[in-house]
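Engineer: need a 3D model of the following:
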Amino acid sequence: MSLCRVSIAVVVAGTILSVSPALPTESELHIGKFSQDDMAGWKGQSVFGAKKSTYSIVQDNGKAVLMGKSNNTASGLLYKVDIDPKTHPIIKWSWKVEHTVKKGNEKIKDGHDFAARLYVVFPRGFFSRTRAIEYVWGNVMHRGDTLRSPYSNNAVMIAVDAGDELAGNWTFHKRNIAEDYRAVFGEEAPKVGAIAIMTDSDNTHETSVGYYGDIIVASAAKMDEQKTREHKPKDLPSKELQQKEQPNDNGLPLPTPAAQLTDKIR
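Structural biologist: Reported below is the predicted structural model:
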C-alpha cells in the first residue's frame with residue numbers, strides 16, 4: 001500500500017473547509033436516513049492509491065440499511081455539516097458487521113482496515129490541523145480502547161465494538177462527541193465539518209462487509225427531554241404486551257439480548 005495513504009479525515013479536509021452550510025436549528029439532525037432509502041447529501045470519498053469500496057441500500061429483515069462492501073478496496077462516504085458540539089453534542093447510530101478483518105491490526109498501517117467505522121471530522125483552519133474521532137468496530141482493540149491512528153496523530157480511534165462475538169448482530173450507540181474530543185485531544189471541540197463512514201480492507205487485501213443504520217446528531221436539550229420521558233413513572237403493561245412491544249432503534253431488527261449494547265453518554 002502506498003505510504004501516501006492517510007486518514008480519510010485528512011483527505012477530505014480541503015473540501016470541507018470550502019463549504020459553509022447554515023447552522024442547524026433543529027433539536028435532531030437526521031444525517032443518515034438510510035431506513036427511508038435516502039442517501040441525499042452523502043458523497044463518495046476516495047483514498048489515494050486504492051480502489052473504491054461499494055455502498056448501497058439493501059434490505060435487512062425487511063428494513064432498509066446501508067451496506068458497505070470492500071474487496072481489497074478503500075473509500076468512504078462523506079456528509080458535510082456545520083455543527084457546534086456545544087449545542088449538538090450527541091451522535092447516535094447503529095451498525096453490524098459480518099466479521100472483523102482477519103488480519104486487521106489497527107495499531108499498524110499494514111493492518112489498518114475495518115468492516116465498519118464512523119468519522120466525526122473537525123476542520124481547524126488549516127489542512128494539516130484537521131482532526132477526527134474515528135468510532136470503530138475494532139479488530140485487535142478491545143471495546144472502550146482509545147488509540148491514535150498510525151497514519152496521523154490528528155485522528156484518534158475509539159473502539160465502541162470489538163471482535164467477532166457480536167458479529168451478525170446490530171449494536172446501537174450514543175456518544176457525546178464534545179466530551180470524547182476533550183478526552184482525547186485535551187481541549188474544547190471546534191465545530192464539526194463532516195460525518196463520514198468507511199468500510200475498507202485494502203491494507204490486508206481481504207474482504208469486509210459492514211451495515212449502517214440511521215445516523216442522528218442531537219442537541220443536549222433533546223437528550224435531556226428523552227431521559228425525562230424514559231424515566232417518567234407509568235403503569236407497567238402485562239407480560240404479554242411487554243413481549244410484543246420490545247423497543248426498537250432506527251427501524252432496525254432487534255439484536256440478540258447479548259448484543260443490545262448502548263454506549264453510556266459521557
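
Engineer: any weak-confidence spans in the protein?
Structural biologist: By pLDDT under 70, the weakly predicted segments of the chain are 1-25, 127, 222-266.

Engineer: which stretches of it form helices?
Structural biologist: 8-11, 13-17, 177-185, 220-231, 239-244 (DSSP state H).

Engineer: where along the protein do the strands fall?
Structural biologist: Listed from the start of the chain, the chain has strands (DSSP state E) covering 28-32, 42-46, 54-60, 63-71, 74-83, 90-97, 114-122, 131-138, 146-148, 155-162, 171-176, 192-200, 207-212, 215-218.

Engineer: between these, which gets nearest to A183?
Structural biologist: Among these, the nearest to A183 by CB to CB is strand 146-148 (7.7 Å). Quick note: C-beta positions are derived from backbone N, CA and C, even for glycine.

Engineer: quick one: I133 and I158 touch, right?
Structural biologist: Yes - using CB atoms under 8 Å as the test, I133 is close enough to I158 to be in contact (6.3 Å).

Engineer: of those two, give the one with the bigger neighbour count.
Structural biologist: Neighbours per residue (other CB atoms under 10 Å) separate I133 from I158, with I133 holding more: 26 against 22.

Engineer: any idea how far the most centrally placed residue in the chain is from H205?
Structural biologist: Averaging the C-alpha coordinates of the chain gives a centre point, and the residue nearest to it by CA atoms, centre = their mean is L118 (2.6 Å). When CB to CB, to the nearest Å is the yardstick, L118 and H205 sit 24 Å from each other.

Engineer: check G111 too.
Structural biologist: According to CB to CB, G111 and H205 sit 11 Å apart.
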